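**Student:** Any chance you could fold what I've pasted below:
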Amino acid sequence: MFLNFSALENPSRRERFSRPLAVIGTAVAFMGVLALFYPEQELLNLVRQDNTKGPATRVYLQALLRTRPQDHDLRLRLAAQYMDMEQYRQALRVLDAAVGEVSAAERARYAELLVTSLERLFALDQAEVWRQRLVALGRNVDVTDPTEPDAYRRRAQQVFNQMSTATSLEQRRTLFFRALRILQEGNLLLEALAAADAHIGRLAGDRETLIFLTRLALSANRPDLAQIYIRQALGLSTQGGNP
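**Tutor:** Numbers count the residues shown, from 1 in each chain. As a prediction, the model looks like this:
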């Protein structure tokens, strides 16, 4: 039986949403309206009380930071949003642009975000610039030949470890996929399947994850596992337990 994976991932009937540029444009316009009707302090309070994450919130934070570059709370909020999107380079740019005095609590938060973003960047490419910054921050960094199988295993494990701090199912899934792709890059396909089974956790019932694992199993020449994963994705009985 032929299975159309693209149809599973992209149902023919789907709600249409505005394009990112349209969302950002609307957010900028709305920001202007808010500026007309609310004093700056009230606008700041609105942004700080809203924990919503997305393009509109980032536009608000960016606009406010242009006029308040010494506001560390706004800067930390914006950096955290970029990290949630896994835009670690952009998060570093925001953090590195900090000016003015910081409180002890803010200093600790800056250090936490800096170290986390640098560690995740280093896990991706082991670039010397990230290693030097981590060492300067007092972190021990193990450098290995990125082409050796053990290097792929270590990089993948570093990403798997980050799953414990994921704040959403989407972030957990993204890290899970990234770690498995690292093992795929090292041609460690069977190890990737074993690692998937060990780290899947709350993603075990996630349809997108199961479709990803179906493809991984097929690439590893394990059609038996692929069949189990795709049946789980479709909500059917596996008749053989979990892989």
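**Student:** buried stuff in stretch 78-88?
**Tutor:** Buried positions in stretch 78-88, judged by neighbour count with 16 or more other Cβ atoms under 10 Å: Leu78, Ala79, Ala80, Gln81, Tyr82, Met83, Asp84, Met85, Gln87, Tyr88. Using the backbone N, CA and C atoms, a C-beta is placed for each residue, glycine as well.
**Student:** Over to stretch 169-180?
**Tutor:** By 16+ other Cβ under 10 Å, the buried positions in stretch 169-180 come out as Gln171, Arg172, Arg173, Thr174, Leu175, Phe176, Phe177, Arg178, Ala179, Leu180.
**Student:** So in the chain, which helix runs the longest?
**Tutor:** Identified as the longest helix of the chain according to DSSP state H is helix 104-125.
**Student:** Does anything pack onto that one? Which helices or strands?
**Tutor:** On a contact count with 3 or more Cβ pairs under 8 Å, 6 or more residues apart in numbering; DSSP states H and E, helix 104-125 meets helix 72-84, helix 88-96, helix 128-136, helix 149-162.
**Student:** So for this protein, the centremost residue is which one?
**Tutor:** Centroid-nearest residue in the chain: Glu86, 3.9 Å away (criterion: Cα atoms, centre = their mean).
**Student:** and it, what are its phi and psi?
**Tutor:** When read as degrees, to the nearest 10, the backbone of Glu86 gives phi 70, psi 30.
**Student:** what's the pLDDT at it?
**Tutor:** In this model, Glu86 is scored at 78, pLDDT.
**Student:** ok, and the closest non-adjacent residue to it?
**Tutor:** Thr174 (6.3 Å; Cβ to Cβ, 6 or more residues apart in numbering).
**Student:** And for Arg131?
**Tutor:** Closest residue in space to Arg131, ignoring its immediate chain neighbours: Val141 at 4.8 Å, by Cβ to Cβ, 6+ apart.
**Student:** go on, Ala111?
**Tutor:** Once flanking residues are discounted, Ala111 sits nearest to Leu137: 7.2 Å by Cβ to Cβ, 6+ apart.
**Student:** So that neighbour versus Glu148, what's the distance?
**Tutor:** 26 Å (Cβ to Cβ, to the nearest Å).
**Student:** swap in Arg231?
**Tutor:** The value you get for Arg231 to Glu148, if Cβ to Cβ is used, is 37 Å.
**Student:** Which of the buried residues of stretch 169-180 fall within helices?
**Tutor:** Gln171, Arg172, Arg173, Thr174, Leu175, Phe176, Phe177, Arg178, Ala179, Leu180.
**Student:** so the second one sits right up against Ala204, yeah?
**Tutor:** Same thing as Arg172. No. With the criterion set as Cβ atoms under 8 Å, Arg172 and Ala204 do not qualify as a contacting pair; they are 11.6 Å apart.
**Student:** Now the element after the helix or strand containing Asp197, going C-ward?
**Tutor:** In this structure, Asp197 is located in helix 189-199 according to DSSP states H and E. With elements assigned by DSSP H and E, the helix or strand that comes after helix 189-199 is helix 207-219.
**Student:** picking up where we left off before, compare Arg231 and Glu148 (neighbour count), which wins?
**Tutor:** Taking other Cβ atoms under 10 Å, Arg231 and Glu148 do not tie; Arg231 has more neighbours (16 against 11).
**Student:** which secondary structure elements does the helix or strand containing that one contact?
**Tutor:** Counting by DSSP H and E, the secondary-structure element that holds Arg231 is helix 223-233. Here helix 223-233 is seen to pack against helix 207-219 when contacts are counted using 3+ Cβ pairs under 8 Å, 6+ apart.
**Student:** Distance-wise, check the closest residue to Arg68 other than its chain neighbours relative to Arg139.
**Tutor:** Spatial nearest neighbour of Arg68, chain neighbours left out: Leu74 (6.4 Å); criterion: Cβ to Cβ, 6+ apart. As judged by Cβ to Cβ, Leu74 and Arg139 stand 27 Å apart.
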